[in-house]
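J.: Can you look at this prediction? I've put the sequence above it.
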Amino acid sequence: MIKITSLHLKAAVMSYFRFKRQWLCASECLNSDVIAITNKDVIEVEIKVNKYDLWKGEAKKSIHNQYKNPEKYKGWHLPNRYYMCVPEYLLEEAKKWVEETNDKYGIILYKHECFNDICMIKKAKTIHKNVNPNYAHAVMMRVCSENIGNMNKQIKEEM
C-alpha cells in the first residue's frame, strides 16, 4: 500500500480546480497549500494527512481568528472560502475540526483508490464577499516560480 502524502492531495485538488473547473490555481501560495481563483471568489485549501497536524498544526495558526472576523482584516489576503482536504482515514477528524474551528469551512475528501479523485463532502460557505485584486498576480508569480524551478531541476538531471 502506498503512503499518502500531501503531494498526492495537492495534485488531486489542483487537477480538479484546473481541469474540471477551469480555474487558476497554485500550490504553496500566500501561506496556503492550494489557492484557486474562480470566476467570483478565491478559495484556500489546507492539506492534512495526519491527525496531529490537523489538530496541533492548525491550532497554532492565527489565521482562523481572521477568518471568523474578516471585517477587521480588509487589507489582507483573505480567501472567500476555505476548505480542508483530507484522505479517507482522516474524514471524521476533519468533520470534528471544522465543527470546532469554523462551521463555514468546507471539507474535500481525497480518494486514492479512485485514481486521485476528490469529493466535496461539505461545501464551504462564504467567509466574506470582498476579493483582493492582487490574488491573481500572486498566483501567477507562484506558478511561474514553480515552473522555472521544475525546468532547472530537469536541466540539472540531464547534465
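T.: Perfect, I can see it now. Numbers count the residues shown, from 1 in each chain.
J.: element containing the residue nearest in space to the middle of the chain?
T.: Nearest to the geometric centre of the chain sits V45, at 1.8 Å (CA atoms, centre = their mean). Using DSSP states H and E, V45 falls within strand 42-47.
J.: thinking again about what came up before, give me the nearest residue to the residue nearest to the centre of the chain, chain neighbours excluded.
T.: Nearest residue to V45, sequence neighbours excluded (CB to CB, 6 or more residues apart in numbering): V34, at 4.1 Å. In this view, the C-beta of every residue, glycine as well, is placed from N, C-alpha and C.
J.: which stretches of this protein aren't confidently modelled?
T.: Applying pLDDT under 70 to the chain flags residues 1, 74-76, 114-116.
J.: What ranges does it have for its strands?
T.: Ranges of strands within the chain are 24-29, 32-37, 42-47, 81-87, 106-111, 117-122, based on DSSP state E.
J.: which non-adjacent residue is nearest E44?
T.: Nearest non-adjacent residue to E44, counting by CB to CB, 6+ apart: P79, 3.8 Å away.
J.: just the helices in this protein please.
T.: 6-15, 51-52, 58-59, 63-68, 91-101, 135-158 (DSSP state H).
J.: what's the third one in contact with?
T.: I take that to be helix 58-59. With contact meaning CB atoms under 8 Å, 6 or more residues apart in numbering, helix 58-59 is reached by E46, K48, H64, W97, T101.
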